[in-house]
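[1] Sharing a sequence plus its predicted fold:
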Amino acid sequence: MSPRTQRAIGFVAFACFVAFVAVLPAFVSDFKAREYAYVAIFLIALLGLNVLTGYTGQISLGHGAFMAIGGYTTAILMAGNEQFGGPISGGLKDVWTLPIAGLVAGLVGLAFGLPALRLSGLYLALATFAIAVAMPSTVKRFEEWTGGGTGIQVFATPELTGSITNVHVLGRTLTPNDWMYYLSWSIALVAFAVAWLILRGRTGRAFRAVRDSETAAVSSGVSLARYKTLAFGVSAAYAGVAGGLFVIASAFVNPDTFPVALSIFLLVGIVVGGLGGLSGLVFGAIFVYYLPLWSQGQDLGSLLPDRIVEETQKPGGPAIVYGIVLILLMFVLPNGVGGLFRRAGQLLGRRRYSPRK
Amino acid sequence: MTTLLELDRVAARYGPVQALSDVSLVVREGEVVAVLGANGAGKTTTLRAISGTVSRTGGIELEGKQLKGGPEAAARAGIAHVPEGRGTFVDLTVTENLRLGAYARRDRSVKADVKRVGEYFPWMVERGSQRAGTLSGGEQQMLALGRALMSRPRLMLLDEPSLGLAPLIVREFFRIVRRLNEDEGLTVLVVEQDARIALAASSRAYVLEVGRVALTGTSAELRDDESIRRSYLGY
Amino acid sequence: MILAAFSDFMQQVVSGLASGGIYALLALALVIIHRSTGVINFAQGEMATLSTYIAWALIAHHGWRYGPAFVATLAVSFVGGVGIHRVVIRPVERGSVLRIVIVTIGLLVAINGFVIWEWGGEPQQLQSPFGTDTYTIGGVVVAAHDIGTIVVALGIVFLLWALFQFTKVGLALRAAAVNPEEARLVGVRVSWMLALGWGLAALLGAVAGMLTAPTVGLDPNMMAAVLIYSFAAAVLGGIDSPLGAVVGGLLIGVLLNMLSYLSQYGIFDWFTEELRLPMALLVILGVLLVRPQGMFGQPEVKRV
């Protein structure tokens, strides 16, 4: 199968996926549409994290913090922080806050990317973990900007967002849930397309060179500093947009909205999904959103015998299930679900020996 | 002399690369046998196959018993493998390196053996608490030898001891090996790129080429045959 | 007035050393595991919590006395640590860093969940083996528990040091941690040594937990903050240096208390109680950025 054919198949698959996403809300309940919107939000964050970890090999256990930055930016721009003594009066429509949220988070990411150059592997994981743990306390400390422990409500300004009232678009009326769904998924698909464009060009090759061998990359003239920092900035921007969307969907934000657990779940999401391809990341996003629910016996979990469900319903039970599933997944699918898809694709498409990495 | 070690059609691979395809050799008790050949011929792999560091097919018998399992088992069976690059524990002291050599032994005369090794290498006793990483290359090679001695091995495997060392030191090293062989009856299988010095120190030799034995004979024969020296040994 | 300030100061130093001792124990556990298996064990805190709950259950539910419960808990923790290494860590040890991180996180989540599932989430009481008395020495009031903690922590550190320096097993452990291939060649069963390392780390965690519970109360998230302080200590001391872990732990314990003490008198008055944790994190970030190898570690040399 020539690369051209592979790419054509990829395009077709993507087009099918877009069509599927476009019509899905007509077939599912309103509530489910909002759930799927959250899946799209996580997908955006995972796309960003994938650029960082899957492509330049830098591990981040702190991307929840970048989501928080984006989320708080959105909230402040919409509701303002004058009520806490801050300088911003708010009043910006929800959609317009998103590019700004992404920009702010991206700049912070760039700023962190520079010192992060000195850390590798586990040390970077530890440093980013520290940031994720510190974020809630830091947010509380700067009360005049963020509203401290109580956070910021966006409920008060329903006219600014489609996530609370009905919206009229193209002559049709969308319920808040549907509107949220379409907003999140359109941004997710655009985000994917942007990521794809970035990664297939010179930048992507540079990223991969950095991941595979830093010394080789340097000796080939790839500027480590520039690309590693760039990767941090891009991934943080993605997380910022996702955070902003998350706040729009939830209509409020406080220090506990983006806890340490979220940063951990995001990393888990890309590892389980499999670093690299989109299909894996979609699965990763589904995993991040649904596994906590499944381990509590909902949806998929209801397929299990009652006795097991009973036992795991006790507090702490879902966590045990979640932890064990994580460990087992790492044993069985070291390359995540995406890796599984890729293996299957290779088995189907390969006719003669082609050099693999 | 009794046969101490016998390799029968041993093969080994690293992933898709077949490093050894068919190696058969014999080492008798009290001998010093050399394994020679060009880079990539499979010399180091042969030693690793013996010590169980790499998995292999084919038969390896030590004193008539099949050798199985990994390096720990080989060590307990009495094989002391001094790897390429010396393999000293750089963070530990000289004395600790020596004590580790005796790890597989269950008897109690370890301290006495440290003294014994000290007779061959007096500096090891004097500088016992020096960190091994601060020793020179030659000293580390001697330390590796000393550590191997501590296990009172049935068979010592030496992997390219001359690598990275000045000729003077290499000569001294092999002088000690010869002394150990003559005084204590130590059986040695040594792999070397430097064929000249290996042949001077050994009684028999095997020449490997692309994973199999191309040639074997007494060291004297190989030394004296000019055409063999030119084609196989490079001098 | 000066005297009051001074005895205040000494009190803070002593209690700082006591909490520092606990951080030192957990940091030592982290260092042992990192040195031998190259893994940062994010689940170390939860393992310690589990051990402490086991001790508590033996005392509160089965009527055991403190001494036997303590010993039994140590034994169970040791075996548990060895077991976790053999079953969960060994299969992924050689894989990518990312995989190992996820596995220890999975352990963290599962163990935390198990504690809640088995014993519930409400705080429990575990009494201190040293009692609740306080002594006044030269005008300085110190708690018996703090003194006891310092003695136990330093004692265990000393015992561990002796194990590593003077025993055959200790030597083998050190060799296996530094140079596993060569260790195999001399007959050391390296994978069992690594498991032993995990067992020792679990043991250290158990002691740390049992010393923590009397003062902060026993609940499922008891060790979360302690773990962060211990990370800070390990990083400060050098992630591969046992000595660094101990010194780092004591330093962090005293430093945090010093900041509290000084903020009372107007110096560093921006330092509030809730900034303790971010302060530790600042230490982690700062050390990693300025001198990643910490106080006693070796700089990482990247082989080309």
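    Now that the structure is in, tell me what you want to look at.
[2] for chain C, what are the nearby residues on the stretch 51-200 of chain A?
    Proximity of the stretch 51-200 of chain A to chain C is confined to A:53, A:59, A:61, A:115, A:118-123, A:125-127, A:129-131, A:133-134, A:137-138, A:140-141 under the rule Cβ under 8 Å from any Cβ of the partner chain. C-beta coordinates here come from the backbone N, C-alpha and C atoms, glycine included.
[3] likewise the stretch 251-357 of chain A?
    Residues of the stretch 251-357 of chain A lying near chain C (Cβ under 8 Å from any Cβ): A:264, A:267-268, A:271, A:314-327, A:330-331, A:334.
[4] which residues of the stretch 101-250 of chain C fall in strands?
    C:134-137, C:140-143 (DSSP state E, counting those that start in this stretch).
[5] From the chain's centroid, how far away is the last one?
    Relative to the centre of its chain, strand C:140-143 is centred 24 Å away, using Cα atoms, centre = their mean, to the nearest Å.
[6] Give the partner strands of it in its sheet and their orientations.
    strand C:134-137 (antiparallel) (DSSP bridges).
[7] returning to what we had before: for the strands of the stretch 101-250 of chain C, which has the smallest mean pLDDT value?
    Note on the strands of the stretch 101-250 of chain C: strand C:134-137 shows the lowest mean pLDDT, a mean of 82.
[8] And for A:Val272, the neighbour number?
    If you count neighbours by other Cβ atoms under 10 Å in any protein chain shown, A:Val272 ends up with 24.
[9] Need the phi and psi values for the closest residue to B:Arg9 other than its chain neighbours.
    Nearest residue to B:Arg9, sequence neighbours excluded (Cβ to Cβ, 6 or more residues apart in numbering or on different chains): B:Gly58, at 4.6 Å. As for B:Gly58, its main-chain torsions (degrees, to the nearest 10) stand at phi 100, psi 170.
[10] My read is that B:Gly58 contacts B:Leu7, right?
    Yes: shown here, B:Gly58 and B:Leu7 form a contact pair, counting by Cβ atoms under 8 Å, at 7.0 Å.
[11] Quick check: neighbours shared by those two?
    The contact sets of B:Gly58 and B:Leu7 overlap at B:Val23 (Cβ atoms under 8 Å, 6 or more residues apart in numbering or on different chains).
[12] For B:Gly42, give its distance to chain A.
    Per Cβ to the nearest Cβ, to the nearest Å, B:Gly42 is found 25 Å from chain A.
[13] can you tell me which residues contact that residue?
    For B:Gly42, the contact set (Cβ under 8 Å, 6+ apart) comprises B:19-20, B:23, B:208, B:210-212.
[14] Between those, which sits nearest C:Arg174?
    B:Ala19 (32.1 Å; Cβ to Cβ).
[15] tell me the contacts of the spatially closest residue to the closest one that is not a sequence neighbour?
    Among residues not flanking B:Ala19 along the chain, B:Thr45 sits closest, at 4.2 Å (Cβ to Cβ, 6+ apart). B:Thr45 is in contact with B:12, B:14, B:19-20, B:54, B:211, counting by Cβ under 8 Å, 6+ apart.
[16] got it, and A:Ala19?
    Residues near A:Ala19 by Cβ under 8 Å, 6+ apart: none.
[17] Can you name the residue of the stretch 51-200 of chain C nearest chain B?
    Residue nearest to chain B within the stretch 51-200 of chain C (Cβ to the nearest Cβ): C:Gly187, separated by 3.2 Å.
[18] Give me the pLDDT value at that residue.
    We note a pLDDT of 89 for C:Gly187 in this prediction.
[19] what comes up buried for stretch C:212-225?
    Within stretch C:212-225, the residues scored as buried using 16 or more other Cβ atoms under 10 Å in any protein chain shown are C:212-215, C:218-220, C:222-225.
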